[in-house]
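A.B. asks: sequence and predicted structure are below.
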Amino acid sequence: MGEDSAQGPDVTTTAEQGEDLKVESHDPAVPEAYAAFMRTGWADVERELPAHPVVPRAGLRRARLAEAFPGERLVLPAGTFKVRSNDTDYRFRPDTAHTYFCGNQTTDAVLVVTDGEPVLYARPRSGRDSDEFFRDRQYGALWAGERPSLRELEQSLGLPVRHRDELEAELARTGTKTRVLRGLDAEVDAGTAPDEARDAELARVASELRLVKDAWEVDQLQEACDITTLGFEDSVREWDRVREFGERWLEGTFFRRARAMGNDLGYDSIVGAGSHATTLHWIDNTGPVLPGQLVLLDMGVENRNLYTADVTRTLPVDGTFTPLQRDLYELVLAAQQAGIDAVRPGVAFTSIHQASMTVLAHGLGDLGLLPCSPEEALAPDSRVYARWTLHGTSHMLGMDVHDCARSAPEVYPRGDLAEGMCLTVEPGLYFQADDLLVPEELRGIGIRIEDDVLVTADGSRNLSAALPRTVADVEAWMGSLLP
């Protein structure tokens, strides 16, 4: 990882270094002569950054947020690094609400909106008069890359930006009711008195404001879906390597596309071949992909403005479905289409699930699996059909794969759909390998089909429609791509 080997007794501790630096015990000692030499001879270059595309929208978003809490101080941290293992961190991804309201994606920043007036408190790149830039593993430019200056952030984000060091005094200022998005920044949490009810209300409003997407957000979601389509195509083009290396190759192939054209994965890819497809969140992705199986691919790209797709296709490893696989697949497809057909403004969000489950329950009845009639199975006090469907059919989608999750339940999920909302429609059938209540030939088969659906003025639009769904289209698509 570009580091020196351990230096034995020639190692200095953080206390000995006299600075609050992120260093490790195996870092070599830094004599004063070396440190002094490193602090000289550097150009101080300020870059001209373009305006962030969210700037025209972020001001309106903050105004709507502030209107809900007049005269109050609202604190929305971006968060900081999270440890993966020992001294290595996960790649940073800012909190969704923070970025939604200002566009910033740097660590350790905090957006404070006081009676409608925003200030971003940020940690800029360190000056070359300290050791941080060449010694600190988290914030030093020579270790982790150069952070933007305060002026650059201000220029790009279109709002006042102050040094993070000034935040403590701002939070200590009394006389203004304060609400905080908690659990993101330990220093912010410690520096403000908690009020569970007030803070929860801020989280609720910040979540509900994201339910309806504007035209720019729809374009972002469409871009994420389009890149996701390319990732699925990449995966099938490398099917010979998939047969050789199994689920891992599919995961890695899709991730390559996500990083090349987007920011990252929207969530850990689910790659389930054979019976692994019956585990809803199978993310180990360690199994083989064998002839005769189906493989379930639940994968989505997060684009560079942090909007994510969430798409699932279940593909025949051999490129064509067996008669049994085809029958089960077409049952799931019919259920999904029923759900998509139900999407329109004014209908209950839960009606999408009900439409899909009605189809699946009757299909399970036709297979002779239900212990009662489909109508009885669908009753709220029964739901025995769910043994083989397991999960809800839909969730909201946006900057989070499970978007707007802190909304009031009466708004979502128990509210109605409105134009501009985006949701998944993703029914599935899952026959566990050890389920003795199904015929042996069904055991170990899992099928899910998922698309990202925008609520339009008169119905819906499938943002992920570029990926084929019907049996004939899937087989033709795979036939055109298989090596």
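C.D. replies: Noted; the coordinates are in hand. Numbering: from 1, shown residues only.
A.B. asks: and residue 358, how many neighbours?
C.D. replies: 17 (other CB atoms under 10 Å). Where you see a C-beta, it was placed from the backbone N, CA and C, and this is true even at glycine.
A.B. asks: show me what the helix or strand where it lies is packed against.
C.D. replies: Per DSSP states H and E: residue 358 is located in helix 350-366. If you count contacts as 3 or more CB pairs under 8 Å, 6 or more residues apart in numbering; DSSP states H and E, helix 350-366 packs onto helix 323-341, helix 374-378, strand 422-425.
A.B. asks: could you rerun that using 7 Å?
C.D. replies: Helices and strands touching helix 350-366, by 3 or more CB pairs under 7 Å, 6 or more residues apart in numbering; DSSP states H and E, are helix 323-341, helix 374-378.
A.B. asks: nearest to residue 187, out of those helices?
C.D. replies: Closest to residue 187 of these is helix 323-341 (CB to CB; 44.5 Å).
A.B. asks: distance from the chain centre to stretch 472-483, please.
C.D. replies: 29 Å (CA atoms, centre = their mean, to the nearest Å).
A.B. asks: could I get the average pLDDT for it?
C.D. replies: The average pLDDT within stretch 472-483 is 98.
A.B. asks: and it, what's buried?
C.D. replies: 474, 475, 477, 478, 481 (16 or more other CB atoms under 10 Å).
A.B. asks: repeat for stretch 130-147
C.D. replies: 131-141, 143-144, 147.
A.B. asks: closest to residue 79 among these?
C.D. replies: Top of the list for closeness to residue 79, among the buried residues of stretch 130-147 and by CB to CB, is residue 138 at 13.2 Å.
A.B. asks: find the nearest non-adjacent residue to that closest one, please.
C.D. replies: With CB to CB, 6 or more residues apart in numbering as the criterion, residue 138 has its nearest non-adjacent residue at 4.4 Å, and that residue is residue 22.
A.B. asks: pull the residues that contact the helix or strand hosting residue 479.
C.D. replies: Element membership for residue 479 (DSSP H and E) is helix 471-481. Defining contact as CB atoms under 7 Å, 6 or more residues apart in numbering, one finds that helix 471-481 is touched by 233, 236, 237, 315, 319, 320, 321, 326, 329, 330, 468.
A.B. asks: picking that back up, export the helices and strands packed on helix 350-366 as CSV, with columns for distance to residue 437 and mean pLDDT.
C.D. replies: Converted to CSV, the helices and strands packed on helix 350-366 look like this (distance: least, CB to CB, whole Å; pLDDT from 0 to 100):
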stretch, distance to residue 437, mean pLDDT
helix 323-341, 16, 98
helix 374-378, 13, 98
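A.B. asks: now for this protein, the helix or strand with the poorest mean pLDDT.
C.D. replies: Between all helices and strands in the chain, the lowest mean by mean pLDDT, DSSP states H and E belongs to helix 14-17, at a mean of 36.
A.B. asks: who touches the longest helix anywhere in the chain?
C.D. replies: Counting residues, the longest helix found in the chain (DSSP state H) is helix 215-237. Helix 215-237 is contacted from outside by 57, 213, 250, 253-254, 257-258, 261-262, 297, 299-303, 305, 307-309, 311, 313, 422, 452, 454, 463-464, 466-467, 478, 481-483, using CB under 7 Å, 6+ apart.
A.B. asks: now these: which count as buried?
C.D. replies: For the contacts of helix 215-237, buried by 16+ other CB under 10 Å: 57, 213, 250, 253-254, 257-258, 261-262, 297, 299-303, 305, 307-309, 311, 313, 422, 452, 454, 463-464, 467, 478, 481.
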